[in-house]
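what's the 3D shape of this:
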Amino acid sequence: MTKGNSKTTSFFNRIPHAITMLFGIIVLVSIMTYILPAGTYERILVDGRSTVVPNSYQIMASSPIGILDMFKAIPLGFKAAVEIIFIVLAGGIMFGFMEKSKAVENAVGTLIKKLGLQRKNLIIVIMTFIYGLLGVAVGYENNIAMVPIAAVLSLALGGDLILAAGISVGAMTIGFGLSPINPYTVGTGHKLAELPMFSGAPLRSALCFLGLSVMAFYNVSYFKKIVLDPQKSLAKGLDTKDLTLSRPIQDYSLPPKNWLVIGIFILGLLAILYGVFNLNWHINELSAVFLIIALLCGLVSKMSATTMSETVLNAVALAAPGAFMVGFATTIKVLMEMGNIGDTISYQLSTLLEGLPLYASAVCMSISQSVINFFIPSGSGQALATLPVMLPLGESLGLTRQITILAFQIGDGLSNLMNPTLGGLIAMLSMCRVPIDRWIRFIFPVLILLLILAFLALIVAVATNYS
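Predicted structure coming up:
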């Protein structure tokens, strides 16, 4: 038993720093452009969106990436990711103003005072499901402003920043990835497959609930472990400045100014929800709302112009490492496009599925989508690029279209838990100051458990001819 534990520990200790990891992937993708043939599918516009034409893959002239182009892709990655980079900064600025007003600290302190410190485990479970439901119903990057609140809450309970990421980022990623009403994966998939929108919801809902239950149980287990032995915390050395409570729990209350700040924040979130679902708002509009919230919080808290200026710069300094990681990770996507090997990878993986037994084909289809997600970390983008190929392939293998979409959703959604090329994941981890190498050490066991559950669900779907 001791040997097994030591091997596991040594494996996780060998996970490189996030910068090192991403640079290694950048180099690997560049090398792959010399090994894999360049190729492309023909694409057509469907409702204004570029969709792959099945059986249209063609090899094209190779475009291998040289040293200069590899490093040139880094600033191009930042350019491509500028909207996500800025929402990280805008979210950091907004939280900086809310923290400066003491509204977040007082709200968390008052909440724990009301619920009681003896119910810490229950609070962790409840908050995990609340964040999960945000992922299910609201979306992914739309919830970025909620992440720092989990950081303050976790530290107030005696947890750490890794636990904060588990409560917020982990739960939202699972909720969004397995959501029965995910418009980007399920919605796009059903449209391409000509199935009733969001059909087959009971199985997806059960899988989503089980996934969030696993995340909640794991969060509580991790919390108990670090309370018993703080040396087992994966967050040692992480910056908790301005996230910890400054006085005993019994001293907390919410003065009127704080209620006003919280009211502004809630109104801002409601405006975002209305804009996203009714006005076709995207990341830039969200960033604008975050900045408006920040300004209003500063005004109602009667901050001076100098204080507000210093708060902006301090918040940007704290958010800058995460913003940098988003741009750095997007370099990988840029390299794939420069080398024209993304479609080649999709094509090769689809051909590997041909001839597999029925149950194995469903599971392997999901695994192949996980691999493709590493190179196309956009749910709707991946659906438009791969489902036109996978749907007819699935039918030729004996899988219903609903099963193919479920396999796609599982492969895309769960692999997002530790996908270093996903800008939204990097952005939200940065909001609770957790580097992705530490996150991978924490979330890897959860991912394995969830994959086992999900593959069992796929087997049930095949056995019942899920349609």
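
hey, let's count contacts and neighbours off CA atoms from now on
Noted.

show me what the helix or strand hosting Leu270 is packed up against.
Following DSSP states H and E, one finds Leu270 within helix 256-278. With contacts taken as 3 or more Cα pairs under 8 Å, 6 or more residues apart in numbering; DSSP states H and E, helix 256-278 sits against helix 103-115, helix 283-300.

buried residues, the shortest one. List them.
Counting neighbours by 16 or more other Cα atoms under 10 Å, one finds that the buried residues in helix 103-115 are 103-113.

tell me which of those residues is nearest to Ile345?
Of all the buried residues of helix 103-115, Ile345 sits closest to Val104, with 45.8 Å by Cα to Cα.

which residues does that closest one contact?
Taking Cα atoms under 8 Å, 6 or more residues apart in numbering, we find Val104 in contact with 98, 149, 152, 262.

circling back to that earlier point, next, the buried residues of the helix holding Leu270.
257-258, 260-262, 264-265, 268-269, 272-273, 276.

wait, which of the helices and strands packed on helix 256-278 is closest to Asp251?
Comparison of those against Asp251 by Cα to Cα identifies helix 103-115 as nearest, at 8.4 Å.

and the angle for the closest one with helix 256-278?
100 degrees (axes from the mean of the first three to the mean of the last three Cα atoms, to 10 degrees).

kindly export the helix or strand just after helix 103-115 (C-alpha atoms) in CSV.
On the C-terminal side of helix 103-115, the closest following helix or strand by DSSP H and E is helix 120-137. Extracted as CSV, the C-alpha positions of helix 120-137 are listed here (Å, rounded to 0.1, in the frame of the first residue of the first chain):
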residue,chain,number,x,y,z
LYS,A,120,-18.9,23.1,7.2
ASN,A,121,-19.3,19.9,5.2
LEU,A,122,-23.0,20.7,4.4
ILE,A,123,-22.0,24.2,3.3
ILE,A,124,-19.4,22.7,0.9
VAL,A,125,-21.9,20.3,-0.5
ILE,A,126,-24.6,23.0,-1.0
MET,A,127,-22.2,25.4,-2.6
THR,A,128,-20.9,22.7,-5.0
PHE,A,129,-24.4,22.0,-6.2
ILE,A,130,-25.2,25.8,-6.5
TYR,A,131,-22.1,26.3,-8.7
GLY,A,132,-23.0,23.2,-10.6
LEU,A,133,-26.5,24.5,-11.3
LEU,A,134,-25.0,27.8,-12.5
GLY,A,135,-23.0,25.7,-15.0
VAL,A,136,-26.1,23.8,-16.1
ALA,A,137,-28.4,26.8,-16.5
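
touching helix 120-137 from outside, list them.
Residues from elsewhere that reach helix 120-137, judged by Cα under 8 Å, 6+ apart: 143, 157, 166-169, 171-182, 212-213, 215-217, 219-220.

which residues of this structure score low on pLDDT?
1-13, 48 (pLDDT under 70).

for Ile59, which non-adjacent residue is closest in space?
Nearest residue to Ile59 in three dimensions, chain neighbours excluded: Gly39, at 4.1 Å (Cα to Cα, 6 or more residues apart in numbering).

surely that neighbour touches Ile341?
Yes: between Gly39 and Ile341 a contact is recorded at 6.2 Å, counting by Cα atoms under 8 Å.

so how far is stretch 330-347 off the chain centroid?
In terms of Cα atoms, centre = their mean, to the nearest Å, the centre of stretch 330-347 is found 21 Å from the chain centre.

kindly apply the preceding question to stretch 348-367 instead.
26 Å.

for that stretch, how far is the first residue from the last?
One end of stretch 348-367 to the other measures 13 Å (Cα to Cα, to the nearest Å).

flag every buried residue along it.
For stretch 348-367, the buried set under the neighbour-count rule, 16+ other Cα under 10 Å, comprises 349-350, 353, 359, 361-367.

and for stretch 410-421?
Under 16+ other Cα under 10 Å, the buried positions of stretch 410-421 are 410-421.

dump those residues into JSON lines; add secondary structure as well.
Output for these, formatted as JSON lines (DSSP: H, G, I helix; E, B strand; the rest coil):
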{"residue": "Ile410", "secondary structure": "helix"}
{"residue": "Gly411", "secondary structure": "helix"}
{"residue": "Asp412", "secondary structure": "helix"}
{"residue": "Gly413", "secondary structure": "helix"}
{"residue": "Leu414", "secondary structure": "helix"}
{"residue": "Ser415", "secondary structure": "helix"}
{"residue": "Asn416", "secondary structure": "helix"}
{"residue": "Leu417", "secondary structure": "helix"}
{"residue": "Met418", "secondary structure": "helix"}
{"residue": "Asn419", "secondary structure": "coil"}
{"residue": "Pro420", "secondary structure": "coil"}
{"residue": "Thr421", "secondary structure": "coil"}
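
fine, thanks again, bye for now.
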